[in-house]
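> I would like to see how this sequence folds:
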Amino acid sequence: VGTGEEWVDGPTGMNPGGFAYNMIRLKDVAPGSLYEISLEFDVPSKIYADEEFHIRMTPQCKNDPRLFSSRIVVAETGAAEKAAREKRPEYYKIPGRSVNNFVIETPSGQSSDIFLLPIPTPPFELEDVRPFVSGYSITWPYKYKIKKLAELPTGASKQTPIILQNDEMLSLSPVEGNGFTYDCFNAQ
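Prediction:
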């Protein structure tokens with residue numbers, strides 16, 4: 001049934017970051033179900049604040065969508081346990097530090113599992129330099145809210161899923177500016 005109106009902290013000790021992520025899974029959701037999903041990351045002003053190499057983040061970059069690549073995946077119930085999927089999942093991109101009231105509808109004609117994947121995207125330049133790789137990977141606490149809806153709220157609209165065919169992949173889009181690391185971590 002989700003969390004209703006309540007915000008819930010991400011699982012203790014399992015903050016996503018670096019090259020890893022975790023997921024929240026809603027199992028065996030009825031066909032044609034509506035869900036409203038919200039996700040918010042807690043982004044610090046300083047990264048590695050308690051270490052000798054603390055890095056100050058430019059305040060406007062805390063909300064920069066380039067720092068986050070979260071997703072919602074809706075797959076046929078049990079597809080995660082199968083070696084071969086009969087049907088490709090539906091995907092939703094939910095970029096940004098804070099995403100509120102993102103409404104999805106599960107496919108009709110099948111029960112589904114919904115996976116919320118909170119994925120921050122720390123700058124790879126930091127992740128590739130020792131000693132950062134050795135136990136200092138950036139992790140990001142988050143909270144989420146998932147509400148099962150009986151009907152679409154007035155003024156709200158359902159998001160359109162991305163449905164890929166066969167071996168099709170999502171295309172990359174160009175990034176404005178000098179690149180996230182330069183724009184947000186360059187010494188001022």
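
> For the rest of this, base every contact and every neighbour count on C-alpha atoms.
Fine.

> which residues does the most centrally placed residue in the chain contact?
Nearest to the geometric centre of the chain sits S70, at 1.9 Å (Cα atoms, centre = their mean). Taking Cα atoms under 8 Å, 6 or more residues apart in numbering, we find S70 in contact with K93, I94, P95, G96, L116, L117, P118, I119, P120.

> same check, this time on F68
F68 sits next to P95, G96, R97, I119, P120, T121 when contact means Cα under 8 Å, 6+ apart.

> partners of it in the sheet?
P120 (DSSP bridges).

> hey, what's D113 bridged with?
Where D113 sits in a bridge, its partners, by DSSP bridges, are A75.

> so it makes contact with A30?
No. With contacts defined as Cα atoms under 8 Å, D113 does not count as touching A30, sitting 9.2 Å away.

> Would you mind telling me which of the two has the busier surroundings?
D113 (21 against 16; other Cα atoms under 10 Å).

> Neighbours of K82, how many?
Neighbours of K82 under the rule other Cα under 10 Å: 8.

> Got the confidence number for it?
Looking at K82, its pLDDT is 72.

> before we move on, what about T139?
On pLDDT, T139 comes in at 72.

> how deep is K87 tucked in, by neighbour count?
Summarising burial for K87: neighbours were counted as other Cα under 10 Å, giving 12.

> so is D167 in a helix, a strand, or just coil?
The three-state label given to D167 by DSSP: H, G, I helix; E, B strand; the rest coil is coil.

> measure it to L117 for me?
From D167 across to L117, the span is 21 Å (Cα to Cα, to the nearest Å).

> Neighbour count: these two, which is higher?
A count of neighbours by other Cα under 10 Å puts L117 above the other of D167 and L117, at 20 against 6.

> which ones are touching that one?
Contact analysis of L117 by Cα under 8 Å, 6+ apart lists Y21, N22, M23, I24, S70, R71, I72, V73.

> If we use 10 Å, what do you get?
Contacts for L117 (Cα atoms under 10 Å, 6 or more residues apart in numbering) come out as 16, 21-25, 39, 69-73, 93-94.

> buried subset of the residues you listed?
For the contacts of L117, a neighbour count by 16 or more other Cα atoms under 10 Å gives the buried set as P16, Y21, N22, M23, L39, S69, S70, R71, I72, V73, K93, I94.

> Skip ahead from the lowest-mean-pLDDT helix or strand in the chain and say which helix or strand is next.
When the helices and strands of the chain are scored by mean pLDDT, DSSP states H and E, helix 124-127 comes last with a mean of 52. Using DSSP states H and E, the helix or strand that follows helix 124-127 in sequence is strand 142-149.
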